[in-house]
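In: Model the structure of this input:
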Amino acid sequence: MKKLILYITSFGLLTAFAACKKYLDVNENPNIAVNPPINGLLASTTYNTGYTVYRTGDFTSYFAQYLASPSAGSGTDTYDEVDYTSTWTGVYNTMSDLYDLAHAADSVGAFQHAGAARVMMALNLSIINGIWGAVPYSEALSGNYIQPHYDTDKGIYDTCLSLINQGIASLERTDGKILLDATKDLLHHGSADAWKKSAYALKARLLNRTSKKTDYSPANVLAALGQAYTGNTDDMQLTQFQSRSPWNQAAFNNDNNSLDAWLSTHFVAATNDSTFGVFDPRLPLIATLTKFGDYRGTINGAGRIGSGTDAEESYLSSSTGFYSKGGAPLLIITYAECKFIQSEAAFRAGDRATAYAAYLDGIRAHMDKLGVSTANRDAYVNNPVVSVGAVNLTLALIMKEKYVAMFLNPEAWTDIRRMDYQYTDFKMPQNAVLPTFIRRVAYPTSEVTKNSGNVPAVGALSDKLWWDQ
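Out: Model prediction:
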């Protein structure tokens, strides 16, 4: 296939960018630039890195039971082998552009561009590593291999950490000849310091991913966080879109009777006081009210109740939803996530005081991000169900609050697997095709067809990836 020439509108200016031929391509297009301008690639890769989070979050949110399909027996709901070729292709096209950006930037002394490119490469690669495990990388992006081999699951993880360290080193160089362009950098608007903070935040996320392994180090996690975000203004997020932001489009579809992005019963119960006995003021800033004047979810695998157009269940709100109203940001890595990572790492290290303070800070940060009023935020935080005291803090409580703060982010599914699905009242979907919870997805049909000699065998979608064992 040929990559399409994409266009991004930024502040009213149309920026064209084109991708070089990699292993996903078959034919060479003579109209595609061999050496695309680095700022064009910066615009395309910052934009599409945001869309990697959306595309993968779009289906992992069903595994995390943020969302549920209004159609009974939907494959994503019921752990069937759904083909995610389009997602896989989109991520690899982005990584191909990042490969080009990093090497082109190095060649002209644009070290900030190169650093940002390697941080984004680590981010994209870590997301698909967390979903598929072993994936092509070392032979996949140079254009020298039509059928690249798959790097091991653990090998990809190590590569991500190496890319982060390389990115930080490039961002710290003071001899760069070209600085990041604020208008083309759609994630951090030309700030090398912001990119460094995101690099350390991503590093902390990945170091914390190995909480089940014997070499897990809370100290290393906390050290990375010490150089990461210090407030919500540091968040890595995409706020510019070609048309509607993606979750706004999903909510708009619902408003126009094209059913999409319905809230799962599990998420609604966790936030409407059914499960924990306290109403979460973030829920009205996420979901629509039902015709009954309350919030009701859809059971995963069971499908909707009623016609689907009679407001018997809640879905993403196109008007008041923080994640789904017009111009809603696409959150990639946030300060709130960092605080919950800090809370977990400190808890595992036995430092209950630090863990508790970070736990409360994470709740406040996320509520402030969503626009919860100070009065409602403080009432929630001060509720004895939430403010349990450092002595009574549990890992389950930390992860419950992190679950709410990671809404729609694919890393939430990683957390759920790390915790072995032991979230309060988390149930198997109805009509599931697996006897137990899903742990990975099948390789896309495009790979099985074109690169069958290298695609690793998958026993079952309940097989655990290396960090989950």
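In: Do me a favour and get the end-to-end distance for stretch 412-425?
Out: Counting by C-alpha to C-alpha, to the nearest Å, you get 17 Å between the two ends of stretch 412-425.
In: chain center to it: distance?
Out: In terms of C-alpha atoms, centre = their mean, to the nearest Å, the centre of stretch 412-425 is set 15 Å apart from its chain centre.
In: who's in contact with it?
Out: 60-61, 63-64, 66, 130-131, 209, 211-212, 266, 269-270, 275-276, 395-396, 399-400, 402-403, 406, 426, 437, 439, 464-465, 467-468 (C-beta atoms under 8 Å, 6 or more residues apart in numbering). All C-beta atoms are positioned from the backbone trio N, CA, C, and that covers glycine.
In: Among those residues, name the ones in strands.
Out: Counted as lying in strands by DSSP state E, out of these, is not a single one.
In: Can you flag the buried ones in those residues?
Out: 60-61, 63-64, 66, 130-131, 209, 211, 266, 269-270, 275-276, 399-400, 402-403, 406, 426, 437, 439, 465, 467-468 (16 or more other C-beta atoms under 10 Å).
In: So which of these are in helices?
Out: Using DSSP state H, the members of the buried ones among the contacts of stretch 412-425 that fall in helices are 60-61, 63, 130-131, 209, 266, 269-270, 399-400, 402-403.
In: closest to Ala117 among the residues you listed?
Out: Nearest to Ala117 out of those is Gly130 (C-beta to C-beta; 20.4 Å).
In: mind listing what the closest one touches?
Out: Counting by C-beta under 8 Å, 6+ apart, Gly130 touches 209, 410-411, 413-414, 465.
In: Adding pLDDT and distance to Cys160, write these out as a markdown table.
Out: Below are those laid out as a markdown table (pLDDT from 0 to 100; distance: C-beta to C-beta, whole Å):
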| residue | pLDDT | distance to Cys160 |
| --- | --- | --- |
| Arg209 | 98 | 10 |
| Pro410 | 98 | 14 |
| Glu411 | 98 | 13 |
| Trp413 | 98 | 17 |
| Thr414 | 98 | 13 |
| Leu465 | 98 | 14 |
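In: Return the member of those residues nearest to Thr152.
Out: Leu465 (10.8 Å).
In: Who's the closest spatial neighbour of that closest one, skipping the chain neighbours?
Out: Nearest non-adjacent residue to Leu465, counting by C-beta to C-beta, 6 or more residues apart in numbering: Gly133, 4.5 Å away.
In: Quick check, that neighbour in contact with Lys154.
Out: No. Using C-beta atoms under 8 Å, Gly133 is not in contact with Lys154, being 9.2 Å away.
In: residues bridging contact with those two, i.e. touching both?
Out: Trp466.
In: Looking at those two, which one has more neighbours?
Out: Gly133 (25 against 16; other C-beta atoms under 10 Å).
In: okay, now Gly226: neighbour count?
Out: Neighbour tally, Gly226, other C-beta under 10 Å: 11.
In: Mind jotting down where the strands sit in the stretch 301-450 of the chain?
Out: Listed in chain order, the strands of the stretch 301-450 of the chain (DSSP state E, counting those that start in this stretch) span 330-333.
In: can you give me the helices for it?
Out: Ranges of helices within the stretch 301-450 of the chain are 335-348, 352-370, 374-382, 395-405, 411-418, 445-450, based on DSSP state H, counting those that start in this stretch.
In: mind listing what's buried in the last one?
Out: By neighbour count, and taking 16+ other C-beta under 10 Å as the criterion, the buried residues in helix 445-450 are 446-447, 450.
In: Closest one to Ala460 out of the residues you listed, please.
Out: Relative to Ala460, the closest of the buried residues of helix 445-450 is Glu447; by C-beta to C-beta it sits at 17.9 Å.
In: Report the secondary structure state of the closest residue to the closest one other than its chain neighbours.
Out: Nearest non-adjacent residue to Glu447, counting by C-beta to C-beta, 6+ apart: Val455, 5.2 Å away. Following DSSP: H, G, I helix; E, B strand; the rest coil, we place Val455 in the coil state.
In: Surely Val455 and Thr449 touch.
Out: No. If you go by C-beta under 8 Å, Val455 and Thr449 don't touch, sitting 9.5 Å apart.
In: what about Gly293, how many residues close to it?
Out: Gly293: 6 neighbours (other C-beta under 10 Å).
In: if I look at it, how far off is Phe111?
Out: 56 Å (C-beta to C-beta, to the nearest Å).
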